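1. Got a predicted structure plus its sequence, pasted below:
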Amino acid sequence: MNEIVDTSKSSYSEKYPCRLPVWWGRYGEIGPHPEGVGISGRKIVIRIEKKFKRIESIFAKILRAPKELRRPLDKMNSLLWELSDGTRTFQEICQQLDSTYHEEIAPVVNRTTLGIASLIANNLMLVLDEPLEGKWNIGPGITPAGQNLDDADERLNIDISLLEGEEY
């Protein structure tokens, strides 16, 4: 794999991006993706329970507002999500994204840094100094503590099964 020269310019250099415990699943057709454990090439959707204050809760009931927020990721951020399992360094993730999307993701270091920063800002990811090594569960389809989500609507065809070799 080609060495990406400027990864040291990123604040995530030598770090391990890792998704936080959140309900997520895969959907859609398989797109371009590198080979590897936990990488499907499918798009990702994240589900988060909405927390309403008292008055908001009343309006939400009256208006039949959804009880959850669904965040579908685009193809590049979906691959970033799958790659960010706490076992790969920022450098490795940049290399995988660059080898998959080439010019479409250029400049890869900047785009990857911004993607990770956006996920961090939304409390969906953090960056570790060392590999995750099973400290918490980051697999698909698991409702994290403190959230109360119903089963996903079957009409959405969200796949929450583990891929071969994937352990969480």
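-> Looks like it arrived, so ask away. Residues are numbered from 1 along each chain as shown.
2. How much space separates residue 92 from residue 141?
-> According to Cβ to Cβ, to the nearest Å, residue 92 stands 25 Å off from residue 141. Yep, even glycine has a C-beta here, placed from its N, CA and C like the rest.
3. By residue count, what's the longest helix in the chain?
-> helix 108-121 (DSSP state H).
4. For the nearest residue to residue 83 once chain neighbours are set aside, give me its contacts.
-> Spatial nearest neighbour of residue 83, excluding adjacent residues (Cβ to Cβ, 6 or more residues apart in numbering): residue 93 at 4.7 Å. If you count contacts by Cβ atoms under 8 Å, 6 or more residues apart in numbering, residue 93 has them with 17, 80, 83, 84, 112.
5. how about those residues in a markdown table, adding pLDDT and distance to residue 159?
-> Below are the contacts of residue 93 laid out as a markdown table (pLDDT from 0 to 100; distance: Cβ to Cβ, whole Å):
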| residue | pLDDT | distance to residue 159 |
| --- | --- | --- |
| 17 | 98 | 23 |
| 80 | 98 | 18 |
| 83 | 96 | 18 |
| 84 | 97 | 19 |
| 112 | 96 | 25 |
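6. Restricted to helices, list these.
-> 80, 83, 112.
7. got JSON lines for these, with distance to residue 13 too?
-> Formatted as JSON lines, these follow (distance: Cβ to Cβ, whole Å):
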{"residue": "80", "distance to residue 13": "16"}
{"residue": "83", "distance to residue 13": "16"}
{"residue": "112", "distance to residue 13": "11"}
